[in-house]
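S.K.: Sequence first, then the predicted structure:
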Amino acid sequence: MSTSEAAVREQLTRALQERDEEIADRWVALQLEQALLGTDISEAELREEADSLIDALVPGLESDAPAERVVTSHPGLHQAVVGLSLRRARSGATPTATSLAVLALKEALLKAVQRETRDAEELFATAVFINRLLDVAGALSFETYVEGREEIIRRQSQQLMELSTPVVRLWKQVLAVPLIGTLDTARTQIVMENLLQAIQDHEALVAIIDITGVSTVDTAVAQHLMQTVNAVRLMGADCVISGIQPSIAQTIAQLGIDLSTILTRATLADALAAAIKLIDGPGPGGDEGESR
């Protein structure tokens with residue numbers, strides 16, 4: 001570390017320690033004035049973020065890391081930037097607004113240093129150092145925001161898929177899964193996991209998969225259904241597929257998909273009646289009479 005950089009760090013550290021409230025107030029004001037929030041964040045929350053980041057800057061500056069690595073190498077400072085970015089991501093701010101909000105700290109810091117010295121050379125060296133320091137913080141906040149939003153979207157998508165594949169108890173030892181929309185590999189896996197767990201929990205003997213709300217059935221969808229049926233059978237339960245519309249039946253026939261080993265019914269009501277027969281056994285003088 002050069003003598004001039006050491007002097008800049010010392011001067012900047014002194015400003016952060018002696019003028020921390022002033023810097024925090026100025027940074028919050030800049031974000032509000034320049035509309036850098038991108039979401040509804042209270043002034044109290046902004047001040048809390050500012051205090052956290054400013055407190056972390058002081059020990060970060062005391063490290064021997066060069067300016068470009070202070071933010072990434074100091075755990076406390078790194079966590080402060082990451083935490084700020086994730087909070088903004090969860091609140092719905094844009095990544096650009098989040099990054100610009102972090103970069104606005106430059107002006108607040110330089111303003112505080114100006115109160116310590118008017119020397120042009122010293123101010124220039126300090127401005128260069130602050131830029132090198134906070135440019136990395138801005139980039140880190142942008143990267144963290146994007147990763148955080150992607151994780152939020154993945155989690156929400158997972159929750160939506162789980163909500164869109166409920167397992168319903170229709171009758172004693174009879175479960176049903178009403179499917180709506182597209183049945184892909186990921187959703188099939190969730191359907192299978194939820195259904196198998198419900199079969200175990202309820203000691204179910206029959207599972208009905210209702211595809212009334214499935215718009216199209218192709219070879220892939222049929223394979224997904226077969227996999228689910230086979231898994232249900234491995235659990236010791238029977239499986240009934242209901243809601244096969246005329247157009248879907250025609251498509252299945254044209255594709256040459258063999259569902260002859262699976263009990264099918266046109267409606268959920270018919271499937272429930274068939275399921276009850278499977279549980280209760282054949283009626284007096286009759287037999288199961290169900291084609292598989």
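M.R.: Thanks, I have it. Numbering: from 1, shown residues only.

S.K.: Only C-alpha atoms from now on, for both contacts and neighbour counts.
M.R.: Fine.

S.K.: residue ranges with poor pLDDT in this protein?
M.R.: 1-3, 35-40, 150, 152-165, 183, 281-292 (pLDDT under 70).

S.K.: Could you rerun that using 50?
M.R.: For the chain, residues meeting the criterion pLDDT under 50 lie at 3, 162-163, 283-292.

S.K.: what does the domain assignment say about it?
M.R.: Domain assignment for the chain by automatic domain parsing gives 3-157, 168-280.

S.K.: Residue 272: helix or strand, and which one exactly?
M.R.: Using DSSP states H and E, residue 272 falls within helix 268-280.

S.K.: Residue 58 too?
M.R.: helix 43-61.

S.K.: What is the very next helix or strand once past that helix packed up against?
M.R.: Sequence order places helix 67-73 as the next helix or strand after helix 43-61, per DSSP H and E. Packing partners of helix 67-73 (3 or more C-alpha pairs under 8 Å, 6 or more residues apart in numbering; DSSP states H and E): helix 43-61, helix 75-91, helix 120-163.

S.K.: continuing past the shortest one, what's the next helix or strand?
M.R.: The one in question is helix 75-91. helix 95-103.

S.K.: now swap in the last one and tell me
M.R.: Downstream of helix 120-163, the next assigned helix or strand under DSSP H and E is strand 168-171.

S.K.: Tell me which strands that next one pairs with, and in which orientation.
M.R.: Strand 168-171 pairs in its sheet with strand 174-180 (antiparallel), by DSSP bridges.

S.K.: Tell me if I'm right that residue 86 and residue 145 touch.
M.R.: Yes - taking contacts as C-alpha atoms under 8 Å, residue 86 lies within contact range of residue 145: 5.8 Å.

S.K.: Just want to know which of these two has more residues nearby.
M.R.: residue 145 (27 against 21; other C-alpha atoms under 10 Å).
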